[in-house]
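Asks: would you be able to build a 3D model of this:
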Amino acid sequence: MVDFQCKQRYGMADLLEIMAALRSPEGCPWDRAQSHQSIRQNMLEEAYEAADAIDRLDMDNLKEELGDVLLQVVFHARMAQEAGGFTFEDVVDGVCQKLVFRHPHVFGGSTAEDPDSALSAWDQRKREEKGQRSTGDAMDSVARALPALTRAAKLQSKAEKTGCAWLVPPMDKLDEELEELKRALRENSNVEEELGDLLFSAVLAGRSAGVDGEAALHGACEKYIRRFRRVEKLADRPLGEIEPGRLAELWREAKKEPEQ
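Replies: Just a heads-up that it's a prediction; the model follows:
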């Protein structure tokens with residue numbers, strides 16, 4: 001048992017002390033056994049759960065989920081400190097340094113009259129900070145762990161900021177890639193590559209209409225769940241026992257119901 005005093009209300013210093021206790025020889029066997037790699041997925045899941053709370057405007061849940069995200073930050077920082085790398089204080093210093101450097105219109109002598117000019121200043125400082133000499137360098141820095149649709153949108157945005165216009169109108173490009181995917185499916189060749197090209201073009205077409213591909217696909221998933229539930233309610237027996245023709249009829253009937 002570790003030496004720790006319970007309180008009615010805790011602060012940041014207490015969280016750091018708790019994490020140190022959990023990772024100590026007298027602490028929790030599970031926490032001691034973890035590594036950066038073993039809890040990598042936890043970081044992603046907690047971030048998504050926080051995003052879900054934001055989407056649902058659930059402030060009570062958001063408070064909890066932000067705490068879970070903070071826990072992951074503290075956990076990784078503690079493991080790095082134990083390995084002789086960096087500390088949580090180094091993490092805090094790093095983000096403070098970054099915020100000051102990337103806001104010259106707040107902490108320096110320049111100005112930004114609107115959100116777009118402020119974002120432009122941020123992007124310029126970021127490229128200076130990371131030594132990115134070209135847009136290709138900036139593209140290569142986009143995290144590969146991002147959802148693919150989000151990553152595609154970021155890459156396209158960086159290309160467009162250079163003044164690089166797409167040679168083919170987005171909808172024409174989408175039609176072109178669809179035909180190439182159809183051919184690949186017929187020939188059973190390069191299907192994955194052509195599907196990727198189609199999805200990349202779909203993101204571009206959506207962005208040209210001011211629609212975020214990730215949000216659009218999320219909405220489509222939710223709609224699919226709602227319609228699937230309607231089919232289950234309409235069916236008189238388990239779906240696996242229903243012939244395909246009847247399933248198609250049920251699906252068309254489910255689509256007729258107004259969306260919430």
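
Asks: tell me the domain ranges of this protein?
Replies: As assigned by automatic domain parsing, the chain contains the domains 12-101, 215-256.

Asks: among those, which is the most enclosed?
Replies: Neighbour counts (mean count of other CB atoms under 10 Å) averaged over each of the domains of the chain peak at domain 12-101, with a mean of 14. Backbone N, C-alpha and C define where each C-beta goes, glycine included.

Asks: from Leu234, how far out is Glu222?
Replies: For Glu222, the distance to Leu234 equals 19 Å [CB to CB, to the nearest Å].

Asks: check which helix or strand covers Glu177.
Replies: helix 170-187 (DSSP states H and E).

Asks: can you name the next helix or strand after that helix?
Replies: Counting by DSSP H and E, the next helix or strand C-terminal to helix 170-187 is helix 191-208.

Asks: output the contacting helices and strands for that next one.
Replies: helix 148-161, helix 170-187, helix 213-234 (3 or more CB pairs under 8 Å, 6 or more residues apart in numbering; DSSP states H and E).

Asks: tell me the angle it makes with helix 170-187.
Replies: Relative orientation of helix 191-208 and helix 170-187, computed by axes from the mean of the first three to the mean of the last three CA atoms, to 10 degrees: 160 degrees.

Asks: just the angle for helix 191-208 relative to helix 213-234, thanks.
Replies: 110 degrees.

Asks: and helix 191-208, what's buried?
Replies: Buried residues in helix 191-208, counted by 16 or more other CB atoms under 10 Å: 194, 197-207.

Asks: hang on, the earlier thing: mind checking which of the domains of the chain is nearest Pro115?
Replies: Within these, the stretch nearest Pro115 is domain 12-101; the backing value is 16.3 Å (CB to CB).

Asks: state the mean pLDDT of that closest one.
Replies: The predicted model gives domain 12-101 an average pLDDT of 96.

Asks: measure that domain end to end?
Replies: 25 Å (CA to CA, to the nearest Å).

Asks: now that domain, how far from the chain's geometric center?
Replies: 17 Å (CA atoms, centre = their mean, to the nearest Å).

Asks: distance check, Ala121 against Ala138.
Replies: Going from Ala121 to Ala138 by CB to CB gives 15 Å.
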